[in-house]
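In: predicted model follows, preceded by the sequence.
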Amino acid sequence: MLGCLRLQDITGFEVVVVTNTPGIFQDYTPFEHLKIIAFEQANIAKARNLGIAATQGDFVAFCDDDALPDPGWLRQITAPFADLKIGGTGGFTRGRNGISMQWGAVITDVLAQENRIELTKTTVFKPNDKTCPVMIGTNCAFRKSALLQINGFDENFAYYLDDSDISLRLSQAGWQLAILPECQVHHSFAPSAIRHKNRAPKTLEPLGKSKAYYCRKHGKPADIDMALQHFRDGQFKRLEQHFLRGELSSAQMFDLKKTLGSGFGKGKELPLAGSIKHPMPDGLATPESSPSTAAHIVLAGRANTAKLLDEKAQGLVNQGFRVSVVYLEFSPKYMQVTFSDLGFWQHHGGQFGKINRNESLWKWRRFRPKVFDECHRISKTRPIDYLAFLEPGRFDASLLPQTFGMSSLNGYKVLDDSLFWRQKENIK
């Protein structure tokens, strides 16, 4: 995640890491402004408040340690704050393959009953006491003065619904909230104390605790029991799905159901945090940043040349470029997107495999048209400056109209291997 932040297309931001393993960052120095805060408790709301208190800027953005932000993430997530009426922003979240959508736009209410809605462009929601869009915790940003106005995150939400609660309270305080579909992060669901790698839960107590507390805090007493029953039914159905896939035993299901009830009980006993709201802040700021001048280069080649591709990509990263690499097999393998520890994006897949869910399992494609399809797909969230094919001596100039070895393709340049490396100093 920090490697992705290093490749953002703006500069001039600080990074604050709140972690229970501060020692691993002792020699980590890719950022001029990096703060490490040691924190042992399993309480995400308190961790967020510690991070907010440590920041110097007017805006604070959040991303989780198991998520990868696109290069334009920080620029996009803060851009709506040019409107002084906006207090929070949120983007979309892709799943483990880096392509399929995991979370889009979600509307919640005073009982934390969520509904997904379809959005294709940036949408601003007016203040509302009953419903609001959720600033999903792994991809969100806030005006710092707005957070301070409502006393930050409610630390009774140790896990789950902390983002729904802060969104609703900001809306109730009179702030507009914005959802940006093209501002995206990839979320991989790392295993934790509460879930396995396959997303099967280890306990439902934190969910039950937060749900019961949220309903008491925002809902009417007469509606709470029905809301909790509806939530219980949904969680039990989720357990049954894990059971049918062989990911949970019947004994584990029985024990997990008891943990949900235990969580409900604890959530009903928590003292309610006060709903103190300070006056609307004065002297509101607008975002200021400097664009990064580093070019984004896509390298494309066959999967059997992966070692060469990685060496070339790492060399470019070390020189300050942003890099994505497309490796294609002669197969119908699905496209998968990850981020390498070496500092660049990796796109693995088959020449005949599908990219999006709605495509057929197998489709005849030539090598370069498949690469172009992938470049077109990512260019909306990861703008491309240059595409280079690492196939020395095999570039077919008849495929594209050439001008001194270059051609314009939707705003970026296409070069063969030898021409790219000859032009690299000019590109820089």
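Out: Structure received. Numbers count the residues shown, from 1 in each chain.

In: would you mind giving the domain segments of the protein?
Out: 2-196, 293-427 (automatic domain parsing).

In: now render those domains as a markdown table, adding mean neighbour count.
Out: The way it works is simple: take the backbone N, C-alpha and C, and place the C-beta from them, glycine included. Conversion of the domains of the chain to a markdown table gives the following (neighbours: other Cβ atoms under 10 Å):
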| stretch | mean neighbour count |
| --- | --- |
| domain 2-196 | 18 |
| domain 293-427 | 17 |
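
In: relative to T286, which of these is closest?
Out: With Cβ to Cβ as the measure, domain 2-196 is the member of the domains of the chain nearest T286 (5.0 Å).

In: quick one: low-confidence ranges for the stretch 201-350 of the chain?
Out: Residue ranges of the stretch 201-350 of the chain with pLDDT under 70: 275-276.

In: the helices in it, which residues?
Out: Along the stretch 201-350 of the chain, the segments classed as helices by DSSP state H, counting those that start in this stretch run 205-218, 221-244, 250-269, 306-318.

In: can you redo these as TSV with distance to S145?
Out: What follows is the helices of the stretch 201-350 of the chain, written out as TSV (distance: least, Cβ to Cβ, whole Å):
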stretch	distance to S145
helix 205-218	23
helix 221-244	33
helix 250-269	30
helix 306-318	37
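
In: ranking the ones you listed by burial, who's on top?
Out: helix 205-218 (a mean of 24; mean count of other Cβ atoms under 10 Å).

In: what angle do that helix and helix 250-269 make?
Out: Helix 205-218 and helix 250-269 are oriented at 30 degrees to each other (axes from the mean of the first three to the mean of the last three Cα atoms, to 10 degrees).

In: lowest mean pLDDT across the domains of the chain, which one is that?
Out: Sorting the domains of the chain by mean pLDDT places domain 293-427 lowest, at a mean of 78.

In: how about the residue nearest the centre of the chain, secondary structure?
Out: Centre of the chain computed as the mean C-alpha position; nearest residue by Cα atoms, centre = their mean is V185, 2.5 Å away. State at V185, reduced to three classes by DSSP: H, G, I helix; E, B strand; the rest coil: strand.

In: ok, it touching D66?
Out: No - applying Cβ atoms under 8 Å as the test, V185 and D66 come out as separate, 10.0 Å apart.

In: quick one: P133 and V106 touch, right?
Out: Yes - at 6.8 Å, P133 counts as touching V106 under the criterion of Cβ under 8 Å.

In: any idea which element the residue nearest to K121 when sequence neighbours are not counted lies in?
Out: The shortest distance from K121 to any non-neighbouring residue, by Cβ to Cβ, 6 or more residues apart in numbering, is to P181 (6.6 Å). For P181, the enclosing helix or strand under DSSP states H and E is strand 176-187.

In: return the alpha-carbon coordinates of that strand using CSV.
Out: Provided in CSV are the C-alpha atoms of strand 176-187 (Å, rounded to 0.1, in the frame of the first residue of the first chain):
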residue,chain,number,x,y,z
GLN,A,176,-22.6,17.4,1.7
LEU,A,177,-20.9,14.1,0.8
ALA,A,178,-19.5,13.0,-2.6
ILE,A,179,-19.1,9.6,-4.2
LEU,A,180,-16.5,9.2,-7.0
PRO,A,181,-16.9,6.0,-9.0
GLU,A,182,-13.6,6.4,-10.9
CYS,A,183,-11.6,6.9,-7.6
GLN,A,184,-10.6,3.3,-6.8
VAL,A,185,-8.6,1.1,-4.6
HIS,A,186,-8.1,-2.7,-4.8
HIS,A,187,-8.9,-4.6,-1.6
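
In: starting at the chain centroid, how far to that strand?
Out: 8 Å (Cα atoms, centre = their mean, to the nearest Å).

In: that strand pairs with which strands?
Out: Strands that pair with strand 176-187, judged by DSSP bridges, come out as strand 67-69 (antiparallel), strand 86-94 (parallel), strand 123-125 (antiparallel).

In: so what touches the first one?
Out: When you say that, I think you mean strand 67-69. With contact meaning Cβ atoms under 8 Å, 6 or more residues apart in numbering, strand 67-69 is reached by 1, 4-5, 8, 63, 93, 98, 138-139, 184-188, 339.

In: let's see that with 7 Å instead.
Out: Identification of contacts with strand 67-69 by Cβ atoms under 7 Å, 6 or more residues apart in numbering yields M1, C4, L5, C63, T138, V185, H186, H187, F339.

In: can you check stretch 206-219 too?
Out: Contacts to stretch 206-219, defined as Cβ under 7 Å, 6+ apart, come from residues 110-112, 156-161, 164-165, 168, 194, 224, 227-228, 231, 235, 260-264, 266-268, 270, 272.

In: and if you look at stretch 328-344?
Out: Outside stretch 328-344, the residues that touch it by Cβ under 7 Å, 6+ apart are 3-4, 68, 97-99, 186, 302-303, 310, 313-314, 317, 323-325, 345-355, 361-362, 367, 370-371, 374.

In: starting at the chain centroid, how far to it?
Out: The mean C-alpha position of stretch 328-344 is separated from the chain mean by 18 Å, Cα atoms, centre = their mean.

In: quick one: end-to-end length of it, please.
Out: End-to-end distance of stretch 328-344: 16 Å, with Cα to Cα, to the nearest Å as the criterion.

In: kindly report the same for stretch 125-135.
Out: Stretch 125-135 has its terminal residues 12 Å apart, counting by Cα to Cα.

In: what of stretch 13-27?
Out: So stretch 13-27: terminal residues 20 Å apart, Cα to Cα.

In: so how far is K257 from G208?
Out: 10 Å (Cβ to Cβ, to the nearest Å).

In: quick one: L316 from S290, how far?
Out: L316 is 22 Å from S290, by Cβ to Cβ.
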